[in-house]
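Enquirer: my questions are about this predicted structure, shown below with the sequence.
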Amino acid sequence: MKKLVELSNVNLNTSVDDVIQHLLQENKPVLISAPVSKNIWAVYERDIHKTHLIKYQTREHVIQRKVSRERFKRSELIKFASLVESVEYLRLSNDDLIKLIRNGIVNLRFVSELYLNTESLELELMSGEQYIEKYETPINAKDLRINSQSDFYDYNYNIKFFFTRKSFKFLSNTHFIVNELEDLPTKIDSVYVFERDILSFVNQDFEREIDTPDIPETSPYYIKDFLRNHSDLDQLSILGFRYYWGKTAKQPKAKGLVELIMNQLGYAKKKAEAAAFFLNPDPDGICGKTKSIADGCQFPYLTYCLERYWHGHEFYDKKITFEIQEFLEGSEGEGFSSDNAKYAELILRPSKFIRVRKKRI
C-alpha cells in the first residue's frame, strides 16, 4: 500500500500551499480522514436534460408523478440514501482545493470520491459510478415508471457522498436525508497526501530509506516497473534521488556523489564519474541531443537504452552493446563523450549479462 503522510507533519522545502497547488496541477490525490463525528451517505443525484436539477434520488423510494410524452411537467425530491461503511479517507475535489489554498479552510458539502478500507487492509478508491456498479442495482425506466425508454435517456444519474451527524443512522417516512445534511469544515493543516507524490518537496535526512517505487514518475530518476531489478540503474536512481532531492537552492557537488558510488557500488573512479554525470541535474559535460529523452539530468538516457535495446532479451548479445555505444557516442550518435558512452553501456547492461571480471573497471 502506498504510504500516506499528514502534510502538516512533513519537513517541506516550500510552503504547504505550494505543494497542494502542485498536486492540484498534477491531478494527484489530496485527502482528509473520514470524520469520526459524522456519518457518510451515498445519495443519488438525478439530472434531467433541459429541465431543472432534481437531487437525492434513490432507487429504494420512487414518488409517483405525471409524465408528459416530451418531458416531466413536474417532479419531486426523493429523500432516501445509503449509509457508507468502512470509509478511511475522502478525496477533495479541484474546486475544494482551490478554496483551501485561498482561504486555508473549506466547508465540504459533499465529495465525489472516497477510499474504503478492504479486508486485505488495502485502500480502495471508490467514485460514485463505481459505487453504483458495486453496491447498487442500476436504475431503469421501469423503476421510475417512465412511459417510454426515450424519456429514460433524458436522465443522468450519479452518486455523491454527503455528511450527516453521527446519531443519524436510519431513514424513515419522517426522517429524510435532505433535511439532515451537514457541511464538513476542513482546514489545510489536516490534509493527507501520498508520500511518493511530494518527495521532491521534502527535506529529508540523507539516510532515509527509499526504494525505486517511491520515486515519482515526474522525477528524472524514475524507472518503469518492468525495467526494475534488472541492472545497476535501480541503485543509481536511489542514490541520485537521495543526493539531489529537495536541494534546489544550492546543488551539492558531484564529487561527493562520485565517492558515494565508488563506496556503495564498488565502481572504479572513471565509471563512478560517468554514473555521477548521468545523475547530475546540471551535468558538466556534453549532453545528449534529443531533448525529448532527457533535458537537464541525463539519467533518462540510461533507462531509454535499457528499454530500447535490452528489454525482452534472454541472452547476451555483443551486437547490442555495440549498438548502444554507437547510439550514445559522438557526432554520429547522441553526442556523449567516448568514456560516458562506454560506461553508460556497462552501467545499464542487465545484471544477468554482466561478466565476472578480476579487476574493477
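Expert: Structure's in. What do you need? Numbers count the residues shown, from 1 in each chain.
Enquirer: just checking, residue 342 touches residue 322?
Expert: No - counting by CB atoms under 8 Å, residue 342 stays clear of residue 322, with 11.2 Å between them. Every C-beta, even on glycine, is put in place using the N, C-alpha and C of the backbone.
Enquirer: the two: who's more crowded?
Expert: For residue 342 and residue 322, the more surrounded residue by other CB atoms under 10 Å is residue 342, and the numbers stand at 20 against 11.
Enquirer: give the contact list for that one.
Expert: Contact analysis of residue 342 by CB atoms under 8 Å, 6 or more residues apart in numbering lists 274, 325, 329.
Enquirer: I'd like the secondary structure assignment at it, please.
Expert: Following DSSP: H, G, I helix; E, B strand; the rest coil, we place residue 342 in the helix state.
Enquirer: distance check, it against residue 277.
Expert: From residue 342 over to residue 277 the distance is 12 Å, taken as CB to CB, to the nearest Å.
Enquirer: that older thread, between the contacts of residue 342, which is nearest residue 178?
Expert: Distance to residue 178 across the contacts of residue 342 (CB to CB) is lowest for residue 274, with 66.9 Å.
Enquirer: grab the nearest non-local neighbour of that closest one.
Expert: Nearest non-adjacent residue to residue 274, counting by CB to CB, 6 or more residues apart in numbering: residue 343, 3.6 Å away.
Enquirer: if we can go back for a sec, and the contacts of residue 342 as TSV, adding pLDDT and distance to residue 234?
Expert: Output for the contacts of residue 342, formatted as TSV (pLDDT from 0 to 100; distance: CB to CB, whole Å):
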residue	pLDDT	distance to residue 234
274	95	17
325	94	22
329	91	24
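Enquirer: looking at these, which is nearest residue 266?
Expert: residue 274 (14.5 Å).
Enquirer: I'd like to know how many residues surround the closest one.
Expert: Residue 274 has 24 nearby residues by other CB under 10 Å.
Enquirer: still on that earlier bit, now the contacts of residue 342 in TSV, with secondary structure?
Expert: Converted to TSV, the contacts of residue 342 look like this (three-state DSSP):
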residue	secondary structure
274	helix
325	helix
329	strand
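Enquirer: between those, which is nearest residue 194?
Expert: With CB to CB as the yardstick, the closest approach to residue 194 among these comes from residue 274, at 33.6 Å.
Enquirer: what about that closest one, distance to residue 331?
Expert: Taking CB to CB, one finds residue 274 at 19 Å from residue 331.
Enquirer: ok, now residue 108?
Expert: Counting by CB to CB - residue 108 and residue 331 are separated by 59 Å.
Enquirer: pick out whichever of those two has more residues nearby.
Expert: The neighbour count for residue 108 versus residue 331, taken as other CB under 10 Å, is higher for residue 108 (21 against 7).
Enquirer: residue 348 versus the more buried one, what's the distance?
Expert: The separation that residue 108 has from residue 348, given CB to CB, amounts to 48 Å.
Enquirer: how long is stretch 310-329 from one end to the other?
Expert: Using CA to CA, to the nearest Å, one end of stretch 310-329 lies 18 Å from the other.
Enquirer: buried set for that stretch?
Expert: 310, 320-321, 324-325, 327-329 (16 or more other CB atoms under 10 Å).
Enquirer: out of these, which is nearest to residue 90?
Expert: Among the buried residues of stretch 310-329, and counting by CB to CB, the member closest to residue 90 is residue 310, at 43.7 Å.
Enquirer: wait, the closest one sits on residue 320?
Expert: Yes - using CB under 8 Å, residue 310 makes contact with residue 320 at a distance of 6.5 Å.
Enquirer: overlap in contacts, those two.
Expert: With CB under 8 Å, 6+ apart, residue 310 and residue 320 have no common neighbours.
Enquirer: touching, the residue nearest to residue 274 and residue 275? I think so.
Expert: Yes - if you go by CB under 8 Å, residue 343 and residue 275 touch, sitting 7.1 Å apart.
Enquirer: the more surrounded of these two?
Expert: residue 275 (29 against 24).
Enquirer: quick check: closest non-adjacent residue to that one.
Expert: residue 261 (5.2 Å).
Enquirer: SS state for the one you found?
Expert: helix.
Enquirer: what pLDDT does the model give it?
Expert: Here, the pLDDT recorded for residue 261 equals 89.
Enquirer: what's the answer for residue 6, then?
Expert: Predicted confidence (pLDDT) for residue 6: 90.
Enquirer: can you tell me which residues contact it?
Expert: Contacts of residue 6 by CB under 8 Å, 6+ apart are 190-192.
Enquirer: next one: residue 321
Expert: 345, 349.
Enquirer: how far away from the center of its chain is the host helix or strand of it?
Expert: Using DSSP states H and E, residue 321 falls within helix 318-328. Relative to the chain's own centre, helix 318-328 is displaced by 35 Å; criterion: CA atoms, centre = their mean, to the nearest Å.
Enquirer: can you get me a residue count around residue 244?
Expert: 22.
Enquirer: what ranges do the helices span in the chain?
Expert: 16-25, 94-103, 128-135, 141-144, 149-152, 233-244, 254-265, 269-279, 299-305, 318-328, 338-348 (DSSP state H).
Enquirer: thought residue 11 was touching residue 202?
Expert: Yes - applying CB under 8 Å as the test, residue 11 and residue 202 come out as touching, 6.5 Å apart.
Enquirer: who has more neighbours, these two?
Expert: Legend: neighbour count by other CB under 10 Å for residue 11 and residue 202, higher for residue 202 (17 against 10).
Enquirer: closest to residue 118 out of the contacts of residue 342?
Expert: For the contacts of residue 342, the nearest to residue 118 is residue 274 (46.0 Å; CB to CB).
Enquirer: quick one: low-confidence ranges for the protein?
Expert: 1, 46-80, 120-121, 136-157, 172-175, 203-210, 245-252, 353-361 (pLDDT under 70).
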